[in-house]
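Q: Starting from these lines, generate the structure:
(chains A, B, C and D)
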Protein chains: 2
Amino acid sequence: MENRSGSVLQPDDTSLRVPMNKKRITSRELAKLAGVSSATISRAFSPESRIGSATRDRILSVAREHGYQPNAIARSLNNQRSRLVALVVNAIGNPCEAEDLQLLVYRLQDRQLLPILLCCADHEDRLQLIRLASTYQVDHVVVFSDTVSMQDAVDIFHTTRPIIVSSEPLDNADVSHIRIDGSEAADQIINKIVGDGRRRFGYLSGTATSWIDKKRKAWFADALEKRGLTFVAEASGDYSYDSGFKEAVLLLRRAKVDAIICGNDVMAIGAVDAARKVLGRRVPEDLAIVGQDGIAMAAWESHDLTTLSQDHVAFVDSIVALIERHEKDGDASHGILLECTARWGSTA
Amino acid sequence: MENRSGSVLQPDDTSLRVPMNKKRITSRELAKLAGVSSATISRAFSPESRIGSATRDRILSVAREHGYQPNAIARSLNNQRSRLVALVVNAIGNPCEAEDLQLLVYRLQDRQLLPILLCCADHEDRLQLIRLASTYQVDHVVVFSDTVSMQDAVDIFHTTRPIIVSSEPLDNADVSHIRIDGSEAADQIINKIVGDGRRRFGYLSGTATSWIDKKRKAWFADALEKRGLTFVAEASGDYSYDSGFKEAVLLLRRAKVDAIICGNDVMAIGAVDAARKVLGRRVPEDLAIVGQDGIAMAAWESHDLTTLSQDHVAFVDSIVALIERHEKDGDASHGILLECTARWGSTA
DNA sequence: TAGGATTGTGTAAGCGTGTACAATCATCAT
DNA sequence: ATGATGATTGTACACGCTTACACAATCCTA
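A: Next comes the predicted model:
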């Protein structure tokens, strides 16, 4: 406590701004300053409250002068409403999740909701992490990550109905969910590729623990089966470019395929690079490659990927719609179904 | 395939788990159940407290049984410590920010700190948004976005010393900052390109409101000047691929240049694509292109970009270090300087 | 065995809000 | 003129937790 340094010892430096290190002022102190009770302060800051408009103006002016803002923590404790939303995500390094997240955050901000971000991918104890977030009494939870089970989410957030993104039809009454279905689009894609005369398909899947990945694979497997075909080679990466690149090299070296379906776009881009630069195969002439997600990057000239694409705007709209319905009637659980579409590039 | 669920109530579905919609139990209620006072409950959950280990075990067991977790909002109100960190970002759609953010979030989570994410780019009233976050009594603020001024950050977070990322040397005692300097690396890059015989440089800058962008340009302009050169053409985008693509086309059509420096990697990739696909110029033979950021994608085979790269790990380490120093001694403000490095690809 | 130190627990007072209820006051119809 | 009415504001408590303080029980030392 002896060797304090910095601006503390400069009482002269009083600019017009609120000085740093000044303890935050409370509503009771502001009440003194404005000559009213703290209840009136509170009313001045909640638009629905009945309060004389002259009083309100005066209070707001004094508040501005002293840099007062109501303490959201105290308000949350009282209200039983925190205006916080937990977003449980695998990792935002993946462009697909980053793009969706970006959109969602904007939409939440517009509604004065603040997102708490939880990244599960590299966290050894996901549940502990999510449990921590749940103690902040978040108003809503959106689970993007398929590495945390729906039942765990329900258990941890007793009081909040989670919004789950999945590819399975769910019948759990305790959650609302958005189901992504790409079977139709996968069928179109397979139809086109088979129509081009290709018969030997490989699948390059993402993380093994991901059950969304299994579902994605099933969409294509079903489409192949309808035509009397199956995957003749398989490999498994981790959704990263590097893994797509490496696994594609291995797969192409050990198996004769003329088409590869990849678990996501980033891996598909890696696979294209591997095929062209390492194996010297022409894409799409010698080898068709298909991604999944429909990220912006897939449409760049340098990639121009054919991909099973999700409608990102509709997706985020759905999440926001579910949040709004939960705010209205906390009781009901809802489900939304979203269909994917084929986005045609030059790689298949 | 038959699923298209609306809002369906299913009251019979009672599993063995903690039932949904059960109101969260409080410490006082748990105290009754465990036959102790609520103070003892609190002690059981704070490791430093003096409490009999038998009592603690019993309480923790009863707590688990009833799904009790201390309410972090109430705890924060009491402690004056929320364990929340505000991350003020432009947009996470940009891979550079997404990668840094990803790393940082992991590091915060390891320290039991929870990030509140604020995206400023498309938000009309940034300050209002940030003000909202400040009411949550966040323990720390990290400002990545150069669209919000340092002084605004200080004003809004009176009580918290913001951590600012900038490219200017700051002498504001109220903030800690991390300064990114790329002048040395820019000089190396220019040296190499000039050594290759190129003399006509163009600059493709990012968002006009960004002053980091100005600084980046200055690094290269200075390096050119040292060699008696200047930028002979300029254009301005918004850090996106599309803008990089479009502006590069325009720039290349109206000016004769043999090298383009871009404000970030994503724009550089767009410029490369434009040069090759639209203008039919060979990169790097006819035209050198350089990016900035050093995102993972820049190193992909399909791009193999030469770029002025930041050390992302060191960057995030610095932020974490500043946070830890602030936790230790809230009084002092600190500064950290990070040098960029040149990362050589095949585009220059 | 006494007296102090140590340990474990309860009591009560906040932390900064929102809000039900009471109180005040001006307005207005009778 | 008077009581009813509605608009404002103050008072007091609750939200769920932590912690200073008090107090009882146990332990140690001489």
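
Q: what's the residue nearest the centre of chain A in contact with, if anything?
A: Nearest residue to the geometric centre of chain A (Cα atoms, centre = their mean): residue A:101, 4.0 Å. By Cβ atoms under 8 Å, 6 or more residues apart in numbering or on different chains, residue A:101 lies in contact with A:87, A:89, A:92, A:117, A:144, B:92. In this view, the C-beta of every residue, glycine as well, is placed from N, C-alpha and C.

Q: Check the spacing between the closest residue to residue A:95 other than its chain neighbours and DNA strand C real quick.
A: Among residues not flanking residue A:95 along the chain, residue A:295 sits closest, at 4.6 Å (Cβ to Cβ, 6 or more residues apart in numbering or on different chains). To DNA strand C, residue A:295 is 41 Å away according to Cβ to the nearest atom of the strand, to the nearest Å.

Q: Isn't residue A:295 up against residue A:265?
A: Yes: counting by Cβ atoms under 8 Å, residue A:295 touches residue A:265, with 4.9 Å between them.

Q: Touching both of those two, which residues are there?
A: Between them, residue A:295 and residue A:265 share these contacting residues under Cβ under 8 Å, 6+ apart: A:95, A:96.

Q: Can you pick out the residue with more neighbours from those two?
A: Neighbours were counted for residue A:295 and for residue A:265 using other Cβ atoms under 10 Å in any protein chain shown; residue A:265 has more, 30 against 26.

Q: Need the three-state assignment for the residue lying closest to the more buried one once chain neighbours are set aside.
A: Counting by Cβ to Cβ, 6+ apart, residue A:265 lies nearest to residue A:291, which is 3.7 Å off, once chain neighbours are set aside. Classification of residue A:291 using DSSP: H, G, I helix; E, B strand; the rest coil returns strand.

Q: is it true that residue A:291 touches residue A:267?
A: Yes: between residue A:291 and residue A:267 there is a contact under Cβ under 8 Å: 7.3 Å.

Q: the more surrounded of these two?
A: The neighbour comparison of residue A:291 against residue A:267 (other Cβ under 10 Å) goes to residue A:291, with 34 against 30.

Q: What distance do you get for that one to residue B:60?
A: Distance, residue A:291 to residue B:60, using Cβ to Cβ, to the nearest Å: 48 Å.

Q: Shouldn't residue A:165 be within a strand?
A: Yes: judged by three-state DSSP, residue A:165 forms part of a strand.

Q: what about it, how many neighbours?
A: The number of residues packed near residue A:165 is 21, by other Cβ under 10 Å.

Q: residue contacts, it?
A: Listed by Cβ under 8 Å, 6+ apart, the contact set of residue A:165 reads A:142, A:143, A:144, A:146, A:177, A:178, A:180, A:319.

Q: how about the helices of chain A, start to end?
A: Assigned by DSSP state H, chain A shows helices spanning A:27-34, A:38-45, A:53-66, A:72-79, A:95-110, A:126-134, A:150-156, A:183-195, A:211-226, A:241-254, A:265-273, A:312-328.

Q: looking at the ones you listed, which is closest to residue A:169?
A: Evaluated over those, closeness to residue A:169 peaks at helix A:211-226, with 10.7 Å, by Cβ to Cβ.

Q: And the contacts of the closest one?
A: Residues outside helix A:211-226 that contact it (Cβ under 8 Å, 6+ apart): A:146, A:166-168, A:180-183, A:185-187, A:189-191, A:201, A:203, A:205-207, A:230-231, A:261, A:263, A:292, A:308.

Q: What's the mean pLDDT across it?
A: Throughout helix A:211-226, pLDDT has a mean value of 94.

Q: What about the nearest residue to residue A:330 once chain neighbours are set aside, how many residues nearby?
A: Leaving out its chain neighbours, the residue that sits closest to residue A:330 by Cβ to Cβ, 6+ apart is residue A:161, at 6.8 Å. By other Cβ under 10 Å, 25 other residues sit near residue A:161.

Q: Just the ones of the contacts of residue A:101 in strands?
A: Using DSSP state E, the subset of these located in strands is A:87, A:89, A:117.

Q: Just the buried residues from those residues, in ChimeraX please.
A: In ChimeraX, this line selects whichever of the ones in strands among the contacts of residue A:101 come out buried by 16 or more other Cβ atoms under 10 Å in any protein chain shown:
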select /A:87,89,117
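
Q: Relative to residue A:24, which of the ones in strands among the contacts of residue A:101 is nearest.
A: For the ones in strands among the contacts of residue A:101, the nearest to residue A:24 is residue A:117 (25.1 Å; Cβ to Cβ).

Q: Contacts made by stretch A:29-45 with the rest, please.
A: Against stretch A:29-45 from outside (Cβ under 8 Å, 6+ apart): A:27-28, A:49-51, A:55-56, A:58-60, A:62-63, A:66, A:68, A:70.
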